[in-house]
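Undergrad: I'll drop the sequence and a predicted model, then ask my questions.
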Amino acid sequence: MTELIVHGATLLDLESGELIPGSSVRVSGERIVEVAPGARITGDAPTLDAGGRTLMPGLIDAHVHAAFTTLDMPAMGRRPASRIGIEAAGLLEAMLRRGFTTVRDAGGLDRGVADALDAGLVKGPRVFRSGRVISQTGGHGDLDPAPNEPKLCACHIHSNWFAHVADGADAVRRAVREELKNGAQQIKIMASGGLSSPTDAVDMVQYTPEEIRAAVTEAASRHTYVLAHAFTPAAIVQAVTAGVRSIEHGLLLDTASARVMAEHGAFLVPTLVTFDRLAEIGHCWNYPRESVEKLQAVLTAGTSAIQVALDAGVRVGFGSDLLGEAHPAQSRELLLRSQVQSPLDVLRSATAVNAELLNRPGELGTLAPGALADLLLVAGNPLEDLSVLADSGKGIEFIMRGGEVVLNGLP
Ligand code: ZN
Ligand code: ZN
């Protein structure tokens, strides 16, 4: 069992926004047991001298797709599950090394990779897995092109590695039950059109209130919640009113829909970097031309939607949503976000706000007694310059996840 005292650290208190030199923290097992701002903890546990580096909680990314291992969509559809699993493990380990000690997988990651992480066979962040996404026919999760011969069978569900395409409240209920049975920790639905799907416009509202409520009710019966991919005000309002807790992207959010989100206590998880990257490199990977074209319509709205949400009092989390070859840009989201928020608020989004979203406040995204020991030691001051965290985590010299040291580059 880990016993460690980290001393000589400059504690970044994300609640107060203060940097407190000469601080120390004591870890026992997987948890933080003592925090001493500006003081040295003594005791017989082994010690680590932080040498004045900034001590902060590990980051949380609330929107990743670890199993989307290439931007080449047709290739993705043909890739065997075993290869996807091996590639996903590599992508997850890279996320951890960028300082993301917790991630929420927003669709596609199967139980095998999560089991392998739990068993210590591979290294990676703590994963909150959504399993397969739930989408309507012709929705954002329906990756098949328009067929010559439609699949109209009586069961109303067809499934692949990424999605259950389910129509009608009963079929949605069945699909959600299947994923929850299979260990999904929350449920992802597609509530509007999107970019990477071939047969739906961005402004399409997807699912009906009855179908969404079926998903929300099933999730609630297992004490969890639904996150929804949604771009437009109409889709956002329908989803939130039907009980969705977390709106993903929300690029076209306006004041009225933001107000509905705030009233319902919903979270917004913006994902700017994925649109930034797809516009840049999507064409190199056979990313559908119509998808790259759709990007233009949404990109400019991205940052202003965040401001609209903040002004309305919506809690704004932090996500990246990168696919395949775009994954190395994950930490760039921190920089894109700092166009709208102060570095302190960006870090709060990626720690305490995301922890609240995951229903784990006080346990994740914080340095406090009783919290899981997810610690970063960073060379430099992230409050002045977020790029100390953003350059693929190069400024991060020490990473602990749940009491386990996963990177120690200290001299
Ligand atoms: Zn999405
Ligand atoms: Zn996504």
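TA: Perfect, I can see it now. Ligands and ions are numbered 1, 2, ... in the order given.

Undergrad: how about the residues of the stretch 1-150 of the chain near ligand 2?
TA: Ala106 (Cβ under 5 Å from the ion). For glycine as for every other residue, the C-beta is placed from the backbone atoms N, C-alpha and C.

Undergrad: for the chain, where's the lowest mean pLDDT among helices and strands?
TA: In the chain, no helix or strand scores lower on mean pLDDT, DSSP states H and E than helix 289-299, which sits at a mean of 67.

Undergrad: Show me which positions of the following helix or strand past that helix end up buried.
TA: Sequence order places helix 301-311 as the next helix or strand after helix 289-299, per DSSP states H and E. Of the residues in helix 301-311, Ala301, Gly302, Thr303, Ala305, Ile306, Val308, Ala309, Leu310 count as buried by neighbour count, 16 or more other Cβ atoms under 10 Å.

Undergrad: May I ask which of these comes out lowest in pLDDT?
TA: pLDDT is lowest at Ala301 among the buried residues of helix 301-311; the value there is 82.

Undergrad: since we're on whichever residue of the stretch 251-400 of the chain sits closest to ligand 2, how many residues are nearby?
TA: Closest residue of the stretch 251-400 of the chain to ligand 2, Cβ to the ion: Asp321 (4.2 Å). Residues near Asp321, counting by other Cβ atoms under 10 Å, number 26.

Undergrad: did I read that right, it in a strand?
TA: No. Assignment of Asp321 by DSSP: H, G, I helix; E, B strand; the rest coil gives coil, placing it outside any strand.

Undergrad: Name the spans of this structure whose pLDDT lies under the cut-off.
TA: 285-291, 293-294, 296-299 (pLDDT under 70).

Undergrad: Break down it into its helices, ranges please.
TA: 73-78, 81-97, 111-118, 169-181, 209-221, 233-241, 255-263, 272-281, 289-299, 301-311, 332-337, 343-348, 354-357, 387-390 (DSSP state H).

Undergrad: still on that earlier bit, ramachandran angles for the residue of the stretch 251-400 of the chain closest to ligand 2?
TA: phi 70, psi 30 (degrees, to the nearest 10).

Undergrad: is it true that it touches Ala62?
TA: No. The criterion here is Cβ atoms under 8 Å, and Asp321 misses it with Ala62 at 9.7 Å.

Undergrad: Overlap of the contact sets of those two?
TA: Counting by Cβ atoms under 8 Å, 6 or more residues apart in numbering, the common neighbours of Asp321 and Ala62 are Ala106.

Undergrad: So Ser392 versus Arg98, what's the distance?
TA: 6 Å (Cβ to Cβ, to the nearest Å).

Undergrad: of the two, who's got more company?
TA: Taking neighbours as other Cβ under 10 Å, Ser392 and Arg98 compare with Arg98 leading, 24 against 16.

Undergrad: for the closest residue in space to the more buried one that isn't next to it in sequence, what are its contacts?
TA: What sits nearest to Arg98 in space, not counting adjacent residues and going by Cβ to Cβ, 6 or more residues apart in numbering, is Gly393, at 3.7 Å. Going by Cβ under 8 Å, 6+ apart, Gly393 touches Arg97, Arg98, Gly99, Ser331.

Undergrad: same thing with His140?
TA: Met190, Ser192, Gly193, Gly194, Ser196, Ser197, Asp200, Gln206, His229.

Undergrad: How many neighbouring residues does Thr300 have?
TA: Neighbour tally, Thr300, other Cβ under 10 Å: 10.

Undergrad: ok, it to Ala88 distance?
TA: From Thr300 to Ala88 the distance is 32 Å (Cβ to Cβ).

Undergrad: give me the number of residues near Pro411?
TA: 5.

Undergrad: Quickly note the distance from it to Leu375.
TA: Where Leu375 is concerned, Pro411 sits at a distance of 18 Å (Cβ to Cβ).
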